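**Student:** Please find the sequence and the predicted model below.
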Amino acid sequence: MKKLLLFVAALMLMAGALTGCGADGSSTGKSAGNEKTEGSQTVAADGSTSMEKVIGFLSEAYMGEHGDIKVTYNPTGSSSGIQAVAEGRCDIGLASRDLKAEETADLQGTIVAIDGIGIIVNPDNPVTDLTIEQIGKIYSGEITNWKEIGGSDAPIVCIGREASSGTRDGFEEVTGTKDKCKYSQELTSTGDVVQTVSGNPNAIGYASVASANDTVKMVSVEGVKPTTETIQNGGYKVQRNFVLVTKKDTPLSKAAQGFFDFATSPQADSLITKAGAVPVKR
(Lines give C-alpha, C1' and ligand atoms only; values in the text may rest on other atoms or scores of the structure.)
Protein backbone atom coordinates (compact mmCIF):
# COMPACT_ATOMS: atom_id res chain seq x y z
CA MET A 1 0.00 0.00 0.00
CA LYS A 2 2.84 2.35 0.89
CA LYS A 3 4.44 1.80 -2.56
CA LEU A 4 1.07 2.46 -4.25
CA LEU A 5 0.66 5.79 -2.43
CA LEU A 6 4.18 6.85 -3.43
CA PHE A 7 3.45 5.98 -7.07
CA VAL A 8 0.22 8.03 -7.09
CA ALA A 9 2.03 11.02 -5.54
CA ALA A 10 4.71 10.83 -8.23
CA LEU A 11 2.06 10.82 -10.96
CA MET A 12 0.43 13.93 -9.47
CA LEU A 13 3.78 15.76 -9.37
CA MET A 14 4.43 14.93 -13.04
CA ALA A 15 0.97 16.19 -14.03
CA GLY A 16 1.58 19.48 -12.22
CA ALA A 17 4.89 19.92 -14.02
CA LEU A 18 3.30 19.33 -17.43
CA THR A 19 0.53 21.85 -16.66
CA GLY A 20 3.09 24.57 -15.85
CA CYS A 21 5.26 24.04 -18.94
CA GLY A 22 4.79 23.84 -22.68
CA ALA A 23 6.11 21.07 -24.79
CA ASP A 24 9.43 22.85 -25.12
CA GLY A 25 9.76 23.22 -21.36
CA SER A 26 8.97 26.93 -21.34
CA SER A 27 6.45 28.38 -18.88
CA THR A 28 2.92 28.76 -20.22
CA GLY A 29 1.54 30.70 -17.26
CA LYS A 30 -0.42 33.85 -18.26
CA SER A 31 1.94 36.27 -16.51
CA ALA A 32 5.09 34.87 -18.09
CA GLY A 33 3.46 34.72 -21.51
CA ASN A 34 2.42 38.37 -21.30
CA GLU A 35 5.88 39.46 -20.25
CA LYS A 36 7.38 37.79 -23.28
CA THR A 37 4.89 39.44 -25.66
CA GLU A 38 5.06 42.93 -24.15
CA GLY A 39 8.83 42.91 -23.89
CA SER A 40 9.18 42.37 -27.62
CA GLN A 41 6.89 45.19 -28.83
CA THR A 42 8.54 47.60 -31.25
CA VAL A 43 7.08 50.55 -33.17
CA ALA A 44 9.08 51.27 -36.33
CA ALA A 45 9.03 54.82 -37.74
CA ASP A 46 10.81 55.69 -40.98
CA GLY A 47 11.18 58.90 -42.97
CA SER A 48 11.71 62.66 -42.70
CA THR A 49 15.02 63.84 -41.27
CA SER A 50 13.33 67.17 -40.46
CA MET A 51 11.10 65.40 -37.96
CA GLU A 52 14.00 63.99 -35.96
CA LYS A 53 13.52 66.28 -32.95
CA VAL A 54 9.74 65.92 -32.92
CA ILE A 55 9.79 62.14 -33.15
CA GLY A 56 12.64 62.06 -30.64
CA PHE A 57 10.76 64.03 -27.99
CA LEU A 58 7.56 62.06 -28.58
CA SER A 59 9.16 58.61 -28.58
CA GLU A 60 11.28 59.33 -25.50
CA ALA A 61 8.24 60.45 -23.52
CA TYR A 62 6.14 57.52 -24.71
CA MET A 63 8.80 54.93 -23.93
CA GLY A 64 9.24 56.52 -20.53
CA GLU A 65 5.58 55.76 -19.78
CA HIS A 66 5.59 52.36 -21.51
CA GLY A 67 8.77 50.52 -20.61
CA ASP A 68 7.68 47.45 -22.57
CA ILE A 69 7.58 49.32 -25.91
CA LYS A 70 10.48 50.51 -28.05
CA VAL A 71 9.98 53.19 -30.73
CA THR A 72 12.65 53.18 -33.44
CA TYR A 73 13.34 55.89 -36.02
CA ASN A 74 15.11 55.50 -39.36
CA PRO A 75 15.95 58.93 -40.91
CA THR A 76 15.68 58.09 -44.60
CA GLY A 77 13.77 61.13 -45.91
CA SER A 78 10.07 61.79 -46.49
CA SER A 79 9.64 59.94 -49.78
CA SER A 80 11.52 56.90 -48.50
CA GLY A 81 9.39 56.84 -45.34
CA ILE A 82 6.20 56.99 -47.38
CA GLN A 83 7.43 54.12 -49.55
CA ALA A 84 8.46 52.12 -46.49
CA VAL A 85 5.01 52.23 -44.93
CA ALA A 86 3.37 51.49 -48.30
CA GLU A 87 5.53 48.36 -48.63
CA GLY A 88 4.93 47.30 -45.03
CA ARG A 89 8.53 47.82 -43.92
CA CYS A 90 7.58 50.12 -41.04
CA ASP A 91 4.55 50.90 -38.91
CA ILE A 92 4.44 54.68 -39.34
CA GLY A 93 5.98 56.80 -42.08
CA LEU A 94 7.20 60.34 -41.38
CA ALA A 95 6.81 63.05 -44.01
CA SER A 96 7.64 66.75 -43.82
CA ARG A 97 5.15 67.40 -46.60
CA ASP A 98 1.55 66.54 -47.42
CA LEU A 99 0.87 63.34 -49.33
CA LYS A 100 0.59 63.67 -53.11
CA ALA A 101 -2.68 62.74 -54.79
CA GLU A 102 -1.31 59.47 -56.11
CA GLU A 103 -0.11 58.50 -52.62
CA THR A 104 -3.51 58.90 -50.98
CA ALA A 105 -5.06 55.91 -52.74
CA ASP A 106 -3.66 53.50 -50.16
CA LEU A 107 -2.18 55.79 -47.52
CA GLN A 108 -3.53 58.17 -44.91
CA GLY A 109 -1.69 61.31 -43.78
CA THR A 110 -2.29 62.79 -40.32
CA ILE A 111 -0.73 66.15 -39.46
CA VAL A 112 1.08 65.85 -36.13
CA ALA A 113 2.80 69.27 -36.08
CA ILE A 114 3.63 72.32 -38.18
CA ASP A 115 7.11 73.60 -38.88
CA GLY A 116 7.14 77.40 -38.90
CA ILE A 117 10.30 78.87 -40.45
CA GLY A 118 11.12 82.43 -39.42
CA ILE A 119 12.95 84.86 -41.70
CA ILE A 120 15.50 86.64 -39.51
CA VAL A 121 17.60 89.78 -39.95
CA ASN A 122 19.88 91.83 -37.73
CA PRO A 123 17.98 93.99 -35.20
CA ASP A 124 19.51 97.13 -36.76
CA ASN A 125 18.09 96.31 -40.19
CA PRO A 126 15.19 98.72 -40.99
CA VAL A 127 13.40 96.13 -43.17
CA THR A 128 10.37 94.72 -41.33
CA ASP A 129 8.38 92.89 -44.01
CA LEU A 130 9.15 90.83 -47.10
CA THR A 131 7.08 88.95 -49.66
CA ILE A 132 7.79 85.34 -50.53
CA GLU A 133 8.75 86.54 -54.02
CA GLN A 134 11.29 88.98 -52.57
CA ILE A 135 12.74 86.30 -50.29
CA GLY A 136 13.11 83.97 -53.26
CA LYS A 137 14.85 86.66 -55.31
CA ILE A 138 17.19 87.50 -52.44
CA TYR A 139 18.33 83.92 -52.02
CA SER A 140 18.58 83.25 -55.76
CA GLY A 141 20.76 86.32 -56.25
CA GLU A 142 18.28 88.48 -58.17
CA ILE A 143 18.08 91.02 -55.34
CA THR A 144 21.53 91.75 -53.94
CA ASN A 145 21.26 95.09 -52.12
CA TRP A 146 19.02 96.01 -49.19
CA LYS A 147 18.11 99.35 -50.80
CA GLU A 148 16.16 97.42 -53.48
CA ILE A 149 13.63 96.40 -50.81
CA GLY A 150 13.54 99.49 -48.61
CA GLY A 151 16.69 98.95 -46.59
CA SER A 152 20.10 100.56 -46.38
CA ASP A 153 22.52 100.76 -49.30
CA ALA A 154 24.42 97.60 -48.40
CA PRO A 155 25.00 94.18 -49.94
CA ILE A 156 22.74 91.37 -48.72
CA VAL A 157 24.55 88.50 -47.00
CA CYS A 158 22.53 85.27 -47.34
CA ILE A 159 22.95 82.83 -44.47
CA GLY A 160 21.49 79.34 -44.64
CA ARG A 161 21.79 75.76 -43.50
CA GLU A 162 23.83 72.94 -44.96
CA ALA A 163 22.48 70.85 -47.84
CA SER A 164 21.23 68.01 -45.61
CA SER A 165 19.18 70.30 -43.38
CA GLY A 166 15.44 69.72 -43.18
CA THR A 167 14.90 73.40 -42.38
CA ARG A 168 16.68 74.29 -45.60
CA ASP A 169 14.52 71.84 -47.55
CA GLY A 170 11.37 73.43 -46.15
CA PHE A 171 12.55 76.99 -46.76
CA GLU A 172 13.60 76.32 -50.35
CA GLU A 173 10.39 74.45 -51.11
CA VAL A 174 8.16 77.31 -49.91
CA THR A 175 10.22 80.04 -51.59
CA GLY A 176 10.75 78.13 -54.83
CA THR A 177 14.52 78.31 -54.56
CA LYS A 178 15.53 74.66 -54.49
CA ASP A 179 18.92 74.28 -56.18
CA LYS A 180 18.93 78.04 -56.89
CA CYS A 181 20.16 79.53 -53.61
CA LYS A 182 23.42 81.45 -53.54
CA TYR A 183 24.55 81.31 -49.95
CA SER A 184 27.28 83.44 -48.44
CA GLN A 185 27.53 80.87 -45.63
CA GLU A 186 26.04 77.42 -45.12
CA LEU A 187 26.00 76.54 -41.43
CA THR A 188 25.41 73.27 -39.61
CA SER A 189 22.97 74.38 -36.92
CA THR A 190 20.11 76.77 -36.32
CA GLY A 191 22.07 78.29 -33.44
CA ASP A 192 24.93 79.15 -35.77
CA VAL A 193 22.52 80.85 -38.20
CA VAL A 194 20.98 82.95 -35.44
CA GLN A 195 24.38 83.91 -34.06
CA THR A 196 25.78 84.84 -37.47
CA VAL A 197 22.78 87.01 -38.39
CA SER A 198 22.87 88.71 -35.00
CA GLY A 199 26.49 89.74 -35.60
CA ASN A 200 26.13 91.03 -39.17
CA PRO A 201 23.90 94.05 -39.93
CA ASN A 202 23.64 93.03 -43.58
CA ALA A 203 22.74 89.38 -43.04
CA ILE A 204 19.48 87.51 -43.59
CA GLY A 205 18.78 83.95 -42.52
CA TYR A 206 16.04 81.46 -41.66
CA ALA A 207 15.39 79.39 -38.56
CA SER A 208 12.59 77.52 -36.84
CA VAL A 209 10.41 80.12 -35.16
CA ALA A 210 10.88 78.50 -31.76
CA SER A 211 14.67 78.77 -32.10
CA ALA A 212 14.88 82.51 -32.80
CA ASN A 213 15.69 84.82 -29.88
CA ASP A 214 15.93 88.54 -29.16
CA THR A 215 19.41 88.81 -30.71
CA VAL A 216 17.74 88.79 -34.14
CA LYS A 217 14.58 90.25 -35.64
CA MET A 218 11.95 88.12 -37.35
CA VAL A 219 10.36 90.00 -40.23
CA SER A 220 6.75 89.53 -41.18
CA VAL A 221 6.03 87.81 -44.48
CA GLU A 222 3.40 89.49 -46.67
CA GLY A 223 2.23 91.41 -43.63
CA VAL A 224 1.89 88.41 -41.31
CA LYS A 225 4.10 87.81 -38.30
CA PRO A 226 5.00 84.22 -37.40
CA THR A 227 3.10 83.28 -34.26
CA THR A 228 1.55 80.05 -33.03
CA GLU A 229 -1.85 81.35 -34.13
CA THR A 230 -0.84 82.48 -37.63
CA ILE A 231 1.10 79.28 -38.22
CA GLN A 232 -1.83 77.16 -37.06
CA ASN A 233 -4.37 79.02 -39.22
CA GLY A 234 -2.08 79.16 -42.28
CA GLY A 235 -1.80 82.94 -42.37
CA TYR A 236 1.98 82.74 -42.11
CA LYS A 237 3.11 81.15 -45.36
CA VAL A 238 6.67 79.99 -44.65
CA GLN A 239 5.71 76.69 -43.09
CA ARG A 240 5.14 73.02 -43.85
CA ASN A 241 3.29 70.13 -42.25
CA PHE A 242 4.86 67.27 -40.33
CA VAL A 243 2.80 64.20 -41.22
CA LEU A 244 2.37 60.68 -39.81
CA VAL A 245 1.69 58.26 -42.68
CA THR A 246 -0.23 55.00 -42.23
CA LYS A 247 -1.95 52.44 -44.45
CA LYS A 248 -5.66 53.01 -44.94
CA ASP A 249 -6.85 49.40 -44.80
CA THR A 250 -4.25 47.89 -42.50
CA PRO A 251 -4.78 48.34 -38.75
CA LEU A 252 -1.74 49.28 -36.71
CA SER A 253 -0.45 46.94 -34.05
CA LYS A 254 -1.63 47.71 -30.52
CA ALA A 255 1.76 49.23 -29.66
CA ALA A 256 1.90 51.36 -32.84
CA GLN A 257 -1.70 52.53 -32.39
CA GLY A 258 -0.93 53.53 -28.82
CA PHE A 259 2.04 55.63 -29.92
CA PHE A 260 0.05 57.16 -32.79
CA ASP A 261 -2.78 58.12 -30.42
CA PHE A 262 -0.30 59.65 -27.97
CA ALA A 263 1.53 61.64 -30.70
CA THR A 264 -1.72 63.13 -32.00
CA SER A 265 -3.21 63.93 -28.58
CA PRO A 266 -3.16 67.21 -26.62
CA GLN A 267 -0.72 65.50 -24.26
CA ALA A 268 1.93 65.76 -27.00
CA ASP A 269 1.53 69.51 -27.61
CA SER A 270 4.13 70.63 -25.06
CA LEU A 271 6.64 68.10 -26.40
CA ILE A 272 6.09 69.29 -29.98
CA THR A 273 6.71 72.86 -28.83
CA LYS A 274 9.92 71.84 -27.06
CA ALA A 275 11.04 70.19 -30.28
CA GLY A 276 10.77 73.54 -32.08
CA ALA A 277 7.55 72.86 -34.00
CA VAL A 278 3.97 74.15 -33.59
CA PRO A 279 1.14 71.87 -32.43
CA VAL A 280 -1.89 71.55 -34.70
CA LYS A 281 -4.98 73.54 -33.78
CA ARG A 282 -7.53 71.31 -32.05
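**Tutor:** Here it is on my side, so go on. What you are looking at is a predicted structure, and each value in this text was computed from that prediction instead of being measured. Numbers count the residues shown, from 1 in each chain.

**Student:** can we go C-alpha only for contacts and neighbour counts from here?
**Tutor:** Will do.

**Student:** Quick one: end-to-end distance for stretch 42-57.
**Tutor:** Chord length of stretch 42-57, first to last residue, is 17 Å (C-alpha to C-alpha, to the nearest Å).

**Student:** Equivalent analysis for stretch 247-267, please.
**Tutor:** End-to-end distance of stretch 247-267 (C-alpha to C-alpha): 24 Å.

**Student:** how close does the residue nearest to the spatial centre of the chain sit to Asp98?
**Tutor:** The residue lying closest to the centre of the chain (C-alpha atoms, centre = their mean) is Met51, at 2.1 Å. Using C-alpha to C-alpha, Met51 is found at 13 Å from Asp98.

**Student:** Mutual contacts of these two, please.
**Tutor:** Applying C-alpha atoms under 8 Å, 6 or more residues apart in numbering, one finds that Met51 and Asp98 are jointly contacted by Phe242.

**Student:** that older thread, could you tell me which residues make contact with the residue nearest to the centre of the chain?
**Tutor:** Going by C-alpha under 8 Å, 6+ apart, the list of residues near Met51 reads 94-96, 242.

**Student:** Hmm, Asn125 is touching Gly150, no?
**Tutor:** No. Counting by C-alpha atoms under 8 Å, Asn125 does not reach Gly150; the two are 10.1 Å apart.

**Student:** what about these two, which has more around it?
**Tutor:** Neighbours were counted for Asn125 and for Gly150 using other C-alpha atoms under 10 Å; Asn125 has more, 18 against 13.

**Student:** Excluding chain neighbours, what is closest to that one?
**Tutor:** Nearest residue to Asn125 in three dimensions, chain neighbours excluded: Pro201, at 6.2 Å (C-alpha to C-alpha, 6 or more residues apart in numbering).

**Student:** burial count for the one you found?
**Tutor:** Pro201: 19 neighbours (other C-alpha under 10 Å).

**Student:** again with the one 5 residues further on
**Tutor:** Around Tyr206 there are 24 other residues, counting by other C-alpha under 10 Å.

**Student:** Just checking: what are the partner strands of the strand ranked longest in the chain?
**Tutor:** Secondary structure of the chain per DSSP state E: the longest strand is strand 107-121. Under the criterion DSSP bridges, strand 107-121 sits next to strand 203-208 (antiparallel), strand 217-218 (antiparallel), strand 239-247 (antiparallel), strand 278-279 (antiparallel) in its sheet.

**Student:** My reading is that Tyr236 lies in a helix. Confirm?
**Tutor:** No. Tyr236 is assigned coil when assessed by DSSP: H, G, I helix; E, B strand; the rest coil, not a helix.

**Student:** Most tightly packed of the strands paired with strand 107-121?
**Tutor:** Burial of these is given as mean neighbour count (mean count of other C-alpha atoms under 10 Å); strand 278-279 ranks first at a mean of 26.

**Student:** Strands along this protein, start to end?
**Tutor:** Under DSSP E, the chain gives strands at 41-47, 69-75, 92-95, 107-121, 129-130, 157-161, 185-187, 203-208, 217-218, 220-221, 239-247, 278-279.

**Student:** pLDDT below threshold where in the stretch 51-200 of the chain?
**Tutor:** Within the stretch 51-200 of the chain, no range satisfies pLDDT under 70.

**Student:** That one: helices as residue ranges?
**Tutor:** 52-65, 78-86, 132-139, 166-175, 190-198 (DSSP state H, counting those that start in this stretch).

**Student:** tell me which residues of the third one are tucked away?
**Tutor:** Of the residues in helix 132-139, 132, 134-139 count as buried by neighbour count, 16 or more other C-alpha atoms under 10 Å.

**Student:** so how far is it off the chain centroid?
**Tutor:** In terms of C-alpha atoms, centre = their mean, to the nearest Å, the centre of helix 132-139 is set 26 Å apart from its chain centre.

**Student:** What are the contacting residues of it?
**Tutor:** Contacts for helix 132-139 (C-alpha under 8 Å, 6+ apart): 143-144, 149, 156, 158, 175-177, 180-183, 221-222.
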